[in-house]
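# Provided below are the primary sequence and the corresponding predicted coordinates.
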Amino acid sequence: MCGIAGIITSNKQRETKKTVSEMLSTVSYRGPNQSGIKKFGEVTLGMARLSIIDHHKHVIPYEDNSSGCAIVYNGEIYNHSSIRSELSSHYKFNTSSDAETALYNYIEKGERSFGDYNGMYAFAVYDPRTKTTYVVRDKAGEKPLYYTYGKDFFAFASEMKCLLKFVKLQFNKDAISYKAYEFTVGKETLFKDIYSLGPGEFIKIKDGKFTIHEYWKVWDNLIEIKDDEKKIVRDLAELVEDAIMLRTKNCVHKYGCFISGGVDSSLIACIAKPDFIYTAHYDYADFDELQYARLVAKKIKRELVIVKPNKEDFLRTREKIAFHLDSPCTWTSFSLWMLLERACKDLKVVLSGEGADEIFSGYHRYHLLYHDEQIHGLEAMRNYKYLIDRYYGSPVERYVKLINRCENQYDETVRRYLMDSVHQFFEKIEGDVVHSMGLNDFYTTMQVLLQMADRLCMAFSIENRSPYLDYRLIQYGFSMPSKYKINHGITKWVLKEVAKKYIPKEIIQRIDKRGFSAPVNRWFEWDKQGKYDRTAYRNLVLQDWKNVFGVNGDGAYV
């Protein structure tokens, strides 16, 4: 894991090396082991390095003396050894770093190389042969990449805060997604004129202009899978196990897992058998998962480290979390911060379960559209689609109603935004609402989970690895018959079938699983009945963000 930054400009008056140095200093926690900056004509690249695979000092940016190409890089490419073996007869490698593998793979294959990687990465390559710079983000969006631009420059970085020096600090009222979701998704961020590069995309900068291209999207990479239940469960088990082991075999450090007592994290822990396992526990009676976390600890014979955050911890960490997240988010990230605060004493790498719910349909809200479609599919209803759509609304309209978190449900701007956003994903896998709902969430709400995981882990110089986001699992999950995702009233059915071989049956049989959150509602007495008050928490984190960054502009419209 690292932090990267760069500026491309024809303005010779700009002190680009100094500016890039300041950008990297802002996020020095992303790469505490080493840093380097170099200017290549109009292109200045910088990198702060956190060494995970290779502990030796390197010359960074990484360069090839023959072609003059250079790379700055953030992340891990888990299949880099096999790629390197294919390149070794043509190129001489000076390090064991996967960054150098990505550089020579680009020299060999150009833009086609970007799709070769199984991993999480964001990198920039400068090619002096064509005077072109490429900025690339991984297939699932695990590693962040932000950019901004002006009349005479283009700048990019791993975190938004690195780019604030280039823009007027202002609340971005064009970020409609914040009204819809209570966090930003897609291109827009809450900092006006700072943008996010999407998963599976790259930016090409040449002759003072830039263009954005897609190199890997789920819908372009679906595969044929035979409708054979036993084979699907067997093949998926092999893929899950390989994805998990691939993310542990090149780890020279001790590593751990954060477990909640649900299927996703338990399955990872029981296969990986990490050195450490951690869970967060709050002393309130209506929802307690500690017994399930203890079952996992007993199964893999590891001590369970129990972190017990409290209100004082919440108050102590509020501004720190706001600073590192870069963006307000109504999903509480406090529990993750407290786990990391404890885990950083033991390790450098953690495994986590992001992606399983989106890929394998784990959210309970999916039941609603799924069962609607079962009714619509009845032979007796075949000739009544027009009336059904008038009565219920189309699948897109119904899902928009489910996910819309805008306080004003009649806000037409938000409704149109969500209709357009959801429709683009539903039409990619037309006629299958289960796959469509997961695809929508994969490219929207999951992205904020990845943002939270990356920012908070990096705050402690810890690398987070997400096995379920192995592109082979993504591809398989969205290609299999969706009836194996929700089956007999059970969400994530196929993954639970896989898990039967590895984890305690009590965890598989759970029907009470829900998202993990801190009891802020109780601490602040926002609702005497204990009901979670999203509005109060949203206003709190928005104000924290504005205070920390000194943002101008009124965000009250949300």
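Perfect, thanks for sending it.
# Give me the packing partners of the least confident helix or strand in the chain by mean pLDDT, helices and strands only.
Of all the helices and strands that make up the chain, helix 385-392 has the lowest average by mean pLDDT, DSSP states H and E, namely a mean of 78. For helix 385-392, the contact count by 3 or more C-beta pairs under 8 Å, 6 or more residues apart in numbering; DSSP states H and E identifies helix 366-376 as packing neighbours. To be clear about C-beta, it is placed using only N, CA and C from the backbone, and glycine gets the same treatment.
# Buried residues in the helix it packs on, which are they?
Neighbour-count burial for helix 366-376, counted by 16 or more other C-beta atoms under 10 Å, picks out 366, 369-370, 372, 376.
# wait, what's in contact with the closest residue to residue 484 other than its chain neighbours?
Sequence neighbours aside, residue 494 is the residue nearest to residue 484 in space, at 4.2 Å (criterion: C-beta to C-beta, 6 or more residues apart in numbering). When contacts are counted by C-beta atoms under 8 Å, 6 or more residues apart in numbering, residue 494 touches 232-233, 236, 360, 480, 484-485, 487.
# would TSV of the buried residues of helix 366-376 with distance to residue 32 and pLDDT be doable?
Output for the buried residues of helix 366-376, formatted as TSV (distance: C-beta to C-beta, whole Å; pLDDT from 0 to 100):
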residue	distance to residue 32	pLDDT
366	41	96
369	46	92
370	47	92
372	51	85
376	55	78
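# so can I have a markdown table of those showing distance to residue 405?
Compiled in a markdown table, the buried residues of helix 366-376 are given as follows (distance: C-beta to C-beta, whole Å):
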| residue | distance to residue 405 |
| --- | --- |
| 366 | 17 |
| 369 | 17 |
| 370 | 21 |
| 372 | 21 |
| 376 | 26 |
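# and which of the residues you listed is nearest to residue 112?
residue 366 (35.8 Å; C-beta to C-beta).
# Can you tell me the number of residues neighbouring the nearest residue to that closest one once chain neighbours are set aside?
Of all residues not flanking residue 366 in the chain, residue 437 sits nearest, at 5.4 Å (C-beta to C-beta, 6+ apart). Per other C-beta atoms under 10 Å, the neighbour tally for residue 437 reads 29.
# and residue 494, helix, strand or coil?
Three-state assignment for residue 494 (DSSP: H, G, I helix; E, B strand; the rest coil): helix.
# Next one: it from residue 165, what distance?
Relative to residue 165, residue 494 is positioned 48 Å away (criterion: C-beta to C-beta, to the nearest Å).
# Show me the shaky parts of the protein.
Within the chain, the segments meeting pLDDT under 70 span 1, 51-56, 250-252, 285-287, 513-516, 527-532, 553-558.
# most centrally placed residue in it?
By C-alpha atoms, centre = their mean, the mean C-alpha position of the chain lies nearest to residue 450, the distance being 2.4 Å.
# Spell out the residue ranges of the helices in the stretch 351-500 of the chain.
356-360, 366-376, 385-392, 395-403, 412-426, 433-443, 445-459, 471-479, 493-499 (DSSP state H, counting those that start in this stretch).
# Which of the ones you listed sits closest to residue 543?
helix 445-459 (18.6 Å).
# Show me which residues of the closest one are buried.
445-459.
# Which pair of those spans the longest distance?
Among the buried residues of helix 445-459, 445 and 459 lie farthest apart (C-beta to C-beta), at 22.0 Å.
# I'd assumed residue 189 was in contact with residue 174.
No: using C-beta atoms under 8 Å, residue 174 is not in contact with residue 189; the gap is 10.0 Å.
# of these two, who's got more company?
residue 189 (23 against 12).
# Which residues are in contact with the more buried one?
With C-beta under 8 Å, 6+ apart, residue 189 has these contacts: 146, 160, 172, 175, 195-196, 326-327.
# In a markdown table, list those residues along with distance to residue 384, secondary structure and neighbour count.
Below are the contacts of residue 189 laid out as a markdown table (distance: C-beta to C-beta, whole Å; DSSP: H, G, I helix; E, B strand; the rest coil; neighbours: other C-beta atoms under 10 Å):
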| residue | distance to residue 384 | secondary structure | neighbour count |
| --- | --- | --- | --- |
| 146 | 48 | strand | 24 |
| 160 | 49 | helix | 24 |
| 172 | 44 | coil | 20 |
| 175 | 40 | coil | 22 |
| 195 | 45 | strand | 21 |
| 196 | 43 | strand | 22 |
| 326 | 49 | coil | 25 |
| 327 | 45 | coil | 22 |
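# now, among these, which is nearest to residue 520?
residue 327 (18.5 Å).
# For residue 37, give me its contacts.
Residue 37 touches 17, 20-21, 24, 44-47, 61, counting by C-beta under 8 Å, 6+ apart.
# Who wins on neighbours among the contacts of residue 494?
Ranking the contacts of residue 494 using other C-beta under 10 Å puts residue 360 first, with 29 neighbours.
# Cross-check the contact I'm expecting between it and residue 497.
No: under the criterion of C-beta under 8 Å, residue 360 is not in contact with residue 497, lying 10.5 Å apart.
# Tell me how many other residues surround the nearest residue to residue 227 once chain neighbours are set aside.
Of all residues not flanking residue 227 in the chain, residue 481 sits nearest, at 5.1 Å (C-beta to C-beta, 6+ apart). As a burial measure, residue 481 scores 16 neighbours (other C-beta under 10 Å).
# what's residue 481 in contact with, if anything?
So residue 481 contacts 225, 227, 232 (C-beta under 8 Å, 6+ apart).
# now those residues in a markdown table, with distance to residue 404?
Formatted as a markdown table, these follow (distance: C-beta to C-beta, whole Å):
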| residue | distance to residue 404 |
| --- | --- |
| 225 | 33 |
| 227 | 34 |
| 232 | 34 |
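# ok now stretch 487-505, how far from the chain's centre?
24 Å (C-alpha atoms, centre = their mean, to the nearest Å).
# Between its first and last residues, how far does it reach?
End-to-end span of stretch 487-505 (C-alpha to C-alpha, to the nearest Å): 18 Å.
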